[in-house]
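Trainee: make a model of this:
(3 chains)
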Amino acid sequence: MFRLVALRMLDAIPTMLLALTLVFITLRMLPGDPAIAALGEYATPQQLELFREQMGLNLPLWQQYFVFLWDVVTLDFGESLISSFSVGQLIALHLPFTIELTIAAMLMGTIMALPLGVIAATQRGKSADSSTRIFALLGFAVPDFYLGALMLIVFALNLGWFPISGGGSDFWDRMHHLALPAFTLGILKAAFLSRLTRSSLLEVLQKDYIRTARAKGGRERRVIYRHGLRNALLPIATGLGLSTLATLSGSVAIELIFNRPGLGNLLVGAIEQRDYPVMQAGIVVFAFFVVLVNLALDIIYIFIDPRIRSE
Amino acid sequence: MSAVAEKPARMDDNGLIVQLWAAIRREPITQFFLFILIIIMVVAAFADFIAPYNPVQQSLLRLNQMPSADHWLGTDHYGRDVLSRIIYGARNSLLIGIISPIIAAVVGTFLGVVAGYFGGWADRLISRVVDLLLAFPALLLGILVAAALGSGFWDMVAVLTVAFAPQFARIARASTLAMRSEPFVEAAVSCGVGPLRIIARHILPNISGSIVVVLTLWIATAIRLEATLSFLGLGTQAPNPSWGNIIRDGLNNIFGSSWPIIAAGAAITLTVLAFNMVGDAVRDVLDPETRDD
Amino acid sequence: MTEPVLKVDNLSIEFGPEGGALRVINDVSFSVGAGECLGIVGESGSGKSMTSLAIMRLIPSPPGRIATGRVELEGRNLLDLPMSQMPAIRGNDIAMIFQEPMSSLNPVMTIGDQISEAIMLHEPMNAQQRYKRTLEMLTLVGIPDPEKRFKSYPHEFSGGMRQRVMIAMALSCNPKVLIADEPTTALDVTIQAQVLELMRDLRTKFQTSIVLISHDLGVIADIADRVLVMYCGRVVEIANVDEIFADPAHPYTEGLLRSIPSETNEGQRLYQIPGTVPAVADRGTGCTFYDRCPKRMDICKNELPPHFKVSETHSAACFAIPEASR
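Mentor: Just a heads-up that it's a prediction; the model follows:
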């Protein structure tokens, strides 16, 4: 098992490399001059030249590629064009807010989704099932930033129960700031995950081994949780992985709504202000999380599916 | 014992449109959303005639007004009529939301068919890149490409195409692989029929059903994604209205009036919901096995 | 015969909505004594499996429903019990093994855990005792190296081994009745013989009553004492095993026997009963075998034949049985 985990980790390295290559290609080779993109159309030729010099944009493309990779490996992302902090410091400052938001939202979403999905599957066709279907349809149709804005208007602006913006300082203050944005993302994830739980569980409940579990005298609760849900966890885990990434990227918009000092806010601000080094680093960090979550998923499979273990 | 296999229902047996119409007639809820969809499209198409005001016309005399008989959805902090902005916003949102998935379907299907039909290094390269892109949430790909490209109309179309094409490529590749080993395709190959002809005559017609299913469902996602990117300031730019940037504007004026946010968000939600419901109906006809009930 | 352990009386099962329901099982009655093995044969769709699931009250409901009848276990009618009491009976008094050994075991639980779960559900034992009992069961069904195999997962076992695990699980709480639904159908011929041998041994050892369901008369001949022939959800013939093979009374049973490959019909084209099993909705008021019957008479078309006694232990539902032998 340990060997398999190690193998999966090794496997993630070329994926990360490919991801970095795609980021590099997108940022450097798409039409448009990064220098003009960064400094704006009214920059003088001298300013442009100086910028290219600083950013190493005058080097041949393959050299730029290796410089880019080396910078990523050594975690040296350079200096921000706007802020007085280094890019590394900026990321270190903003990242915790995004991570705590993603984790809190996923926890809330999962805790809501699993029981809802089980109820929908076991009460198939009844009103509880129809309600989760409507919940899922609405959850898919409502954009996260819209729901976030509504929450902000109702619970922060009008009722004043939650702070309007910021990330908070001490632990409880941070939780207070976290509650609304995390709930917004969490309930939308719950809509998706409860439906997924329902369909995965329904599929599993048709299997022969469920009949075996009943035939040996297992009570319904045991059959559904021990045998049904335990097997449905395989597709649900995939959904959780997708959901985590969607939450991570969804946090970009939510951070803007609640004005949280997270990574998404940093990235969008950098794109707006053409702060090229920050933008590049922000995208690399997101790409890193994509690869990381997929790796985590591969490793989770090893633990929950014995069939993968013995491959 | 002779088992007479029941003839499987095929898409072209009984015109697709006829089947779709029959399916829609059975479901009053689908009818309702189809009706909504048609209204939204008509409004978007005839915005010039329907919108009561010029959507970018500012007026200091009517800032942040509540809904009234003159301004059904009130006005924003520049005094612009919110309803008119939503109506014109529909045009941007729908155009991008419909055109991009179609282009993504064409590009993705091309890549998927090439990978699935020819195999070899082309398949390995395409599959690897597609797998990687599929691992990224569409929004992240959108942000990445939008950061590099800019935010014009066609830039947005390109952004969404990059975000969605991998989905189509994966499905087209899988369907092509399945078709490739069908006896009638193998027979055509052994008769010396060229690959282009086989793809055009045998593969494409047979995989088009699954592509259309995916296409109808991705329109909803495209509209939502366009709205999100515009909200982030990476899409359609002010003062040109789109539902996403109306909410962004509204957020900057959240102490003034919350009507722009509420109305634009409701427009997105309703449109996405309508496309989804109608898309589900299309899927039920074309691909009954994946029904969600 | 002593008091039967399991007695099924006039069992009927319906599927579908109330009012428009279709009767898939009609008036099925039989009984099994202690240590006896009853074979149930019939083509697929004849209602064998449905009958066995009904005994356990495992028919998916809705749409299924037991319409009439009694299922008595040592004199107690199981159909009268509240559903909440059934788990205490399943696996404890009546255990079941299924046709598909490949899919009937939970893929994410170890073999040992699945067997000891069955023990835990019915026997007051601590974990250590359960572990010991599980190892005993694995040894009993002939699985070598049980300590190691305890921790194996189903996918690491072959089909025959999995069926042995199923048997171990079914027998782990010493059930009074074992229902085996096509236990060997999915297995190779040699493995099939081993599994049947195992069941025969266990039966003599523990006096377990067995209901063996099969479409294969060879398997039935091998192990059963008595045979019940089902067709279209009805019992058409019931007899001791030697009577069935020597002197079948129902034309359907005859057809089944003629379609077994044997030395006497070697080289000839194998007999096939003409026609197909009629769909449930197409069954009229008469004999359900009418359309396919070589001995059909006018009376069979609209009148359902009752069971006629051929001997003390042998009866069949057919008008073609000569008056003299009734």
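
Trainee: now the helices for the chain?
Mentor: No chain specified, so I'll use chain A. Here chain A has its helices, by DSSP state H, at A:2-29, A:34-39, A:45-55, A:61-73, A:87-122, A:127-141, A:144-151, A:171-205, A:208-215, A:220-222, A:230-257, A:263-272, A:276-304, A:306-309.

Trainee: that's the wrong chain, I meant chain C
Mentor: Going by DSSP H, chain C shows helices at C:48-55, C:86-89, C:111-122, C:127-140, C:146-150, C:159-171, C:189-206, C:217-223, C:241-246, C:251-258, C:298-302.

Trainee: mean neighbour count added to those helices, as a markdown table?
Mentor: Yep, even glycine has a C-beta here, placed from its N, CA and C like the rest. Compiled in a markdown table, the helices of chain C are given as follows (neighbours: other CB atoms under 10 Å in any protein chain shown):
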| stretch | mean neighbour count |
| --- | --- |
| helix C:48-55 | 22 |
| helix C:86-89 | 18 |
| helix C:111-122 | 23 |
| helix C:127-140 | 17 |
| helix C:146-150 | 15 |
| helix C:159-171 | 24 |
| helix C:189-206 | 16 |
| helix C:217-223 | 19 |
| helix C:241-246 | 17 |
| helix C:251-258 | 20 |
| helix C:298-302 | 13 |
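
Trainee: reformat those helices as JSON lines; add distance to residue A:27 and mean pLDDT.
Mentor: Below are these laid out as JSON lines (distance: least, CB to CB, whole Å; pLDDT from 0 to 100):
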{"stretch": "helix C:48-55", "distance to residue A:27": "63", "mean pLDDT": "88"}
{"stretch": "helix C:86-89", "distance to residue A:27": "62", "mean pLDDT": "88"}
{"stretch": "helix C:111-122", "distance to residue A:27": "52", "mean pLDDT": "91"}
{"stretch": "helix C:127-140", "distance to residue A:27": "59", "mean pLDDT": "89"}
{"stretch": "helix C:146-150", "distance to residue A:27": "55", "mean pLDDT": "90"}
{"stretch": "helix C:159-171", "distance to residue A:27": "55", "mean pLDDT": "87"}
{"stretch": "helix C:189-206", "distance to residue A:27": "62", "mean pLDDT": "82"}
{"stretch": "helix C:217-223", "distance to residue A:27": "70", "mean pLDDT": "85"}
{"stretch": "helix C:241-246", "distance to residue A:27": "81", "mean pLDDT": "87"}
{"stretch": "helix C:251-258", "distance to residue A:27": "75", "mean pLDDT": "86"}
{"stretch": "helix C:298-302", "distance to residue A:27": "83", "mean pLDDT": "82"}
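
Trainee: if we can go back for a sec, with distance to chain C and mean neighbour count added, can I get the helices of chain A in TSV?
Mentor: Listed next are these as TSV, based on distance: least, CB to the nearest CB, whole Å; neighbours: other CB atoms under 10 Å in any protein chain shown:
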stretch	distance to chain C	mean neighbour count
helix A:2-29	15	15
helix A:34-39	50	19
helix A:45-55	52	14
helix A:61-73	39	14
helix A:87-122	13	20
helix A:127-141	14	17
helix A:144-151	34	25
helix A:171-205	10	21
helix A:208-215	4	23
helix A:220-222	8	13
helix A:230-257	6	23
helix A:263-272	36	24
helix A:276-304	7	20
helix A:306-309	4	15
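
Trainee: returning to what we had before: pipe the helices of chain C into JSON lines and attach distance to chain A per row.
Mentor: Compiled in JSON lines, the helices of chain C are given as follows (distance: least, CB to the nearest CB, whole Å):
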{"stretch": "helix C:48-55", "distance to chain A": "8"}
{"stretch": "helix C:86-89", "distance to chain A": "5"}
{"stretch": "helix C:111-122", "distance to chain A": "4"}
{"stretch": "helix C:127-140", "distance to chain A": "13"}
{"stretch": "helix C:146-150", "distance to chain A": "14"}
{"stretch": "helix C:159-171", "distance to chain A": "6"}
{"stretch": "helix C:189-206", "distance to chain A": "17"}
{"stretch": "helix C:217-223", "distance to chain A": "20"}
{"stretch": "helix C:241-246", "distance to chain A": "27"}
{"stretch": "helix C:251-258", "distance to chain A": "27"}
{"stretch": "helix C:298-302", "distance to chain A": "37"}
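
Trainee: closest to chain B out of those helices?
Mentor: For the helices of chain C, the distance to chain B is smallest for helix C:251-258, at 12.1 Å, taking CB to the nearest CB.

Trainee: run through the neighbouring helices and strands of the closest one.
Mentor: With contacts defined as 3 or more CB pairs under 8 Å, 6 or more residues apart in numbering or on different chains; DSSP states H and E, helix C:251-258 has these neighbours: strand C:226-231, strand C:234-240, helix C:241-246.

Trainee: pick out the shakiest of the helices of chain A, pLDDT-wise.
Mentor: Ranked by mean pLDDT, the helices of chain A bottom out at helix A:34-39, with a mean of 70.

Trainee: may I see the buried residues of stretch C:57-76?
Mentor: Buried residues in stretch C:57-76, counting neighbours by 16 or more other CB atoms under 10 Å in any protein chain shown, are found at C:57-59, C:64, C:66-67, C:69-73.
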